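Engineer: the sequence and its predicted three-dimensional model are supplied below.
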Amino acid sequence: MEQNLLGQKGRVIAQSKRLINCHAVDVNQLMPLKYKWAWEHYLNGCANHWMPNEVAMGKDIELWKSKLLSEDERRVIMRNLGFFSTAESLVGNNIVLAIFRHVTNPEARQYLLRQSFEEAIHTHAFLYIVESLTLDQGEIFNMYNEINTIHHKDRFEMRLTEEVLRPDFSTSTFAGAQKFLQNLIGYYIIMEGLFFYSGFAMILSFLRQNKMVGIGEQFQYILRDETVHLNFGIDLINGIKEENPELWTPEFQKEIVGLIEQAVELEISYAEDCLPRGILGLTAPMFRSYVQYIADRRLERIGLKALYHSKNPFPWMSETIDLGKEKNFFETRVTEYQSSAALTW
């Protein structure tokens, strides 16, 4: 090990830590913390813990079996279950198989462990919804192969992972580090920060009208988790940029902007597919404005200029994300967990 990276007796010093390419420092030594933001995100994730089967689905089942939902409303719910059910798995696989391997900081890895568990909870939520409504499991979980607008979004993301998943991939080269940064932007900024938000707005519109309240409550929990995921991803991306400024070339920035532009069009096509006709006060043109508005906010957070300058047609979504303005998310939860003494084996 290089002496200047270590303190007395070979102990890690905070200044020696780096987010990538820090193989000379023991990644198992969490303390002392350097990136306190990573630890704060981890604590926030733990404080947000929930499980799908804590949410009652009785009202949803009753409404789904009735004739009170239109075919267009059912289409929106089915499409979003189809997209999210596999999108969460894509994100989880990317964390475990790509990101975790190449992030060389223990406090950031600590958060990634928490996030990967949350992705599993989200996938569990969609299974719970599908089982509760007695939907065709094959239809929902294979929709990414059968519905073009979902397939195109998932293929777009999977292309960003192909090279990073190779066993011989490394961030030690300039090209490798840039590719890894592109992957982070693709999954945190585009997948979790852009592709998820049309679905959130659609499903939470049902909840605002007291329809499909169990699904809506679970989507509230998922949105809260994803807000923390997005903020961690932005901090990670900006931290790598700060430590490796040579990666953030004008050519690379142009490439990232191009990817986000492609993603915006894919998401608009998806919204148009979900909403061939307006429902619940929602129309496909509203989602063009919303997706563009969200894209501008994501660009700005990683130091790029806004492209679209569109207005937000769903200001209530900002209030939903700002959890301080919302109800206590857990006021309907079962909070009495088994203690270790009460567990049966």
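Structural biologist: That came through fine. The structure presented is a predicted model; accordingly, all values stated were derived computationally and were not measured.

Engineer: what about Ser318, how many neighbours?
Structural biologist: Ser318: 11 surrounding residues under other CB atoms under 10 Å. Glycine gets a C-beta too; all of them are placed from N, C-alpha and C.

Engineer: typed the wrong thing, it's Glu146
Structural biologist: Residues lying near Glu146 (other CB under 10 Å) number 11.

Engineer: so what's it up against?
Structural biologist: Contacts for Glu146 (CB atoms under 8 Å, 6 or more residues apart in numbering) come out as Glu139.

Engineer: the same query, at a cut-off of 10 Å, please.
Structural biologist: 82, 138-139 (CB atoms under 10 Å, 6 or more residues apart in numbering).

Engineer: same thing with Leu68?
Structural biologist: If you count contacts by CB under 10 Å, 6+ apart, then Leu68 has 62, 211 around it.

Engineer: so it lies in a strand, does it not?
Structural biologist: No: assigned with DSSP: H, G, I helix; E, B strand; the rest coil, Leu68 falls outside any strand and is coil.

Engineer: hmm, Gln110 is touching Trp39, no?
Structural biologist: Yes: assessed by CB atoms under 10 Å, Gln110 is found in contact with Trp39 at 7.1 Å.

Engineer: hang on, Ser269 packs against Ile147?
Structural biologist: No: the criterion here is CB under 10 Å, and Ser269 misses it with Ile147 at 11.1 Å.

Engineer: setting aside sequence neighbours, what's the nearest residue to Ser70?
Structural biologist: Ile279 (6.8 Å; CB to CB, 6 or more residues apart in numbering).

Engineer: now Ser310
Structural biologist: Gln292 (3.9 Å).

Engineer: I'd like to know how far the one you found sits from Leu181.
Structural biologist: 24 Å (CB to CB, to the nearest Å).

Engineer: higher neighbour count, those two?
Structural biologist: Leu181 (22 against 19).

Engineer: which of the three states applies to the more buried one?
Structural biologist: helix.

Engineer: tell me who's in contact with it.
Structural biologist: Shown in contact with Leu181 (CB under 10 Å, 6+ apart): 20, 171, 236-237, 240-241, 244, 247-248, 252, 256, 302.

Engineer: now swap in Ile147 and tell me
Structural biologist: 78-79, 82-83, 139, 153, 270, 273-274.

Engineer: cool, and Arg11?
Structural biologist: Counting by CB under 10 Å, 6+ apart, Arg11 has contacts 26, 29, 31-32.

Engineer: my guess is Gly58 meets Leu133, correct?
Structural biologist: No: at 11.4 Å, Gly58 and Leu133 do not qualify as touching, with contact defined as CB under 10 Å.

Engineer: joint contacts of those two?
Structural biologist: Taking CB under 10 Å, 6+ apart as the contact rule, Gly58 and Leu133 both touch Gly214.

Engineer: of the two, which one has the most company?
Structural biologist: Leu133 (20 against 10).

Engineer: can you pull the pLDDT of that one?
Structural biologist: Reading off the confidence values, Leu133 has pLDDT 97.

Engineer: now the residue lying closest to it once chain neighbours are set aside: how far from Tyr128?
Structural biologist: Nearest residue to Leu133 in three dimensions, chain neighbours excluded: Trp64, at 5.0 Å (CB to CB, 6+ apart). Using CB to CB, Trp64 is found at 14 Å from Tyr128.

Engineer: mutual contacts of those two, please.
Structural biologist: 57, 215.

Engineer: counting neighbours, what do you get for the residue nearest to Leu133?
Structural biologist: Trp64 has 19 nearby residues by other CB under 10 Å.

Engineer: who touches it in this structure?
Structural biologist: Neighbouring residues of Trp64 by CB under 10 Å, 6+ apart: 57, 74, 77, 129, 132-135, 212, 215.

Engineer: and if you look at Ile215?
Structural biologist: Counted by CB under 10 Å, 6+ apart, Ile215 has contacts 55, 57, 59-60, 64, 77, 80-81, 125-126, 128-129, 132-133, 203-204, 206-207.

Engineer: now do the phi/psi pair for Leu33.
Structural biologist: Per-residue torsions, Leu33: phi -70, psi 140 (degrees, to the nearest 10).

Engineer: surely it meets Pro106?
Structural biologist: Yes: using CB under 10 Å, Leu33 is in contact with Pro106, at 8.9 Å.

Engineer: please identify which of those two sits among more neighbours.
Structural biologist: Using other CB under 10 Å as the criterion, Leu33 and Pro106 rank with Pro106 on top: 21 against 16.

Engineer: all set now, cheers.
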